[in-house]
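Asker: just coords:
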């Protein structure tokens, strides 16, 4: 099971460079060459040709050109992945949206109210330590030897000194940094593209590549080897509930800031995954 935040949240920050002109604009006039008013100086003509904001035609043209370039780049970012299953994806998006607000959020808020933060942090540490095989193996597959070594050292320290991983002395005391690798990222590092975008019920946003990767990661997930399927599902559900208790409000903020939440989540997810692959 690929353990990623389900809110994914990723809103792109947009900056626009203002280009300044250095050449005077070429003046045009509907007056005939013999008209006496053609004797007006270039500076006077330039002043009279400015717009309401005091900008000359060249400045307006250059700003328009800069904006056009920005707009084209922004359009490219709007749909960064093929979305041939959009009707299905939108249906699943609305299903997951209602599931979050009607069921998961109230449950997570109740859980957060009952369980103190230090206990929830301990649970979070335990699951992060438990999923070490996923990160360790994918670090090796990507040739990240240092990251793989950090994963092994962290697992040993946290499983012993940290008492089965409920504590994280490898991070708090030894300052060992962990990576966040999965098979989907490994495929991406090998040059395999996203494929197409797909939204799964309960699981949330994904792509064809990441979906295949998550299936492969299940073979590295110790929870998958429990004898009881029900127990495996219950443990995975509890892990997600505990993680959601730390993230209440993030999804709501994304929805509130987005004109089109579906597209914002789709684009944010793809940009987030591409950034993880590029690390």
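Answerer: Arrived safely. Model, not experiment: these values are computed from the prediction.
Asker: CA atoms for contacts and neighbours, from now on please.
Answerer: OK.
Asker: By mean pLDDT, point me to the weakest helix or strand of this structure.
Answerer: Ranking every helix and strand in the chain by mean pLDDT, DSSP states H and E puts helix 42-48 at the bottom, with a mean of 42.
Asker: Over to the nearest residue to residue 84 once chain neighbours are set aside: give its phi and psi.
Answerer: Once flanking residues are discounted, residue 84 sits nearest to residue 196: 7.1 Å by CA to CA, 6 or more residues apart in numbering. Dihedral angles phi and psi of residue 196 (degrees, to the nearest 10) take the values phi -120, psi 160.
Asker: Run through the residues that contact residue 196.
Answerer: 81-84, 207-208 (CA atoms under 8 Å, 6 or more residues apart in numbering).
Asker: is it in a bridge, and if so with what?
Answerer: When assigned by DSSP bridges, residue 196 has beta-bridge partners residue 82.
Asker: list the helices and strands the helix or strand encompassing residue 253 packs on?
Answerer: Per DSSP states H and E: residue 253 is located in helix 250-257. Other elements packing on helix 250-257 under the criterion 3 or more CA pairs under 8 Å, 6 or more residues apart in numbering; DSSP states H and E are helix 261-278.
Asker: export the contacts of residue 196 to CSV and tack on distance to residue 218?
Answerer: Converted to CSV, these look like this (distance: CA to CA, whole Å):
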residue, distance to residue 218
81, 25
82, 26
83, 26
84, 27
207, 17
208, 16
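Asker: Out of those, which end up buried?
Answerer: 81, 83, 207 (16 or more other CA atoms under 10 Å).
Asker: Touching, the second one and residue 198? I think so.
Answerer: It stands for residue 83. Yes: when contacts are counted by CA atoms under 8 Å, residue 83 is listed as touching residue 198 (7.4 Å).
Asker: so residue 262 touches residue 92, yeah?
Answerer: No: applying CA under 8 Å as the test, residue 262 and residue 92 come out as separate, 10.3 Å apart.
Asker: Which one's more surrounded, those two?
Answerer: The neighbour comparison of residue 262 against residue 92 (other CA atoms under 10 Å) goes to residue 92, with 20 against 16.
Asker: would you say the more buried one is within a strand?
Answerer: No: using DSSP: H, G, I helix; E, B strand; the rest coil, the assignment for residue 92 is helix, not a strand.
Asker: and it, what is it in contact with?
Answerer: 199-201, 204.
Asker: Let's see if you can find the most crowded of the residues you listed.
Answerer: residue 199 (21 neighbours).
Asker: Just list the residues touching residue 127, thanks.
Answerer: By CA under 8 Å, 6+ apart, residue 127 lies in contact with 165, 239.
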